[in-house]
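Colleague: Predicted model and sequence below, questions to follow.
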Amino acid sequence: MGQADTFNYSFNYSHQCDTLSVDVLSYNPYFISMDRNKLIELGTQIKNFRKELGQSQEELAFRCGFDRTYISMLERGKRNPSYLNLLKLSKGLNIEISRLVKGLI
């Protein structure tokens with residue numbers, strides 16, 4: 001990976017005794033692609049578990065307290081669910097959260 005593949009952002013702040021220095025790697029196509037693939041894999045697992053139960057997206061959304069469009073976006077890898085939403089999903093799918101994310105880490 002060459003230097004053209006990454007973008008570094010530096011921020012420095014200084015006020016009297018306080019000093020803050022931050023270097024952030026804010027853009028790296030490899031990691032963005034890898035993260036996107038993990039979300040697609042999670043979405044596929046959510047969809048498979050939902051179909052095993054014979055539920056529609058709307059039924060699963062109702063059981064989890066979500067909107068149907070959120071379930072659709074999760075299943076397509078368009079949303080990155082929080083830990084609390086993963087807990088709600090696993091409960092709505094009647095599975096342990098460990099089974100929902102198995103093989104993704």
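Modeller: Cool, got the structure.

Colleague: quick one: the helices in this protein?
Modeller: 29-52, 57-64, 68-75, 83-92, 97-101 (DSSP state H).

Colleague: Reformat those helices as a markdown table; add mean neighbour count and mean pLDDT.
Modeller: C-beta coordinates here come from the backbone N, C-alpha and C atoms, glycine included. Output for these, formatted as a markdown table (neighbours: other C-beta atoms under 10 Å; pLDDT from 0 to 100):
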| stretch | mean neighbour count | mean pLDDT |
| --- | --- | --- |
| helix 29-52 | 14 | 86 |
| helix 57-64 | 18 | 97 |
| helix 68-75 | 19 | 96 |
| helix 83-92 | 16 | 97 |
| helix 97-101 | 14 | 94 |
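
Colleague: ok, and the closest non-adjacent residue to Glu41?
Modeller: In space, and not counting its chain neighbours, Glu41 is closest to Leu104: 5.7 Å by C-beta to C-beta, 6 or more residues apart in numbering.

Colleague: I'd say the one you found and Gly43 touch.
Modeller: No: with contact defined as C-beta atoms under 8 Å, Leu104 does not count as touching Gly43 (10.6 Å).

Colleague: Report how many residues lie close to the residue nearest to Glu41.
Modeller: With neighbours defined by other C-beta atoms under 10 Å, the count for Leu104 comes to 11.

Colleague: Next one: it, what pLDDT does it get?
Modeller: What the model reports for Leu104 is a pLDDT of 85.

Colleague: What is the burial count for Asn94?
Modeller: Residues lying near Asn94 (other C-beta under 10 Å) number 11.

Colleague: got a pLDDT number for the residue nearest to it when sequence neighbours are not counted?
Modeller: With C-beta to C-beta, 6+ apart as the criterion, Asn94 has its nearest non-adjacent residue at 7.0 Å, and that residue is Leu53. You'll see Leu53 listed with a pLDDT of 96.
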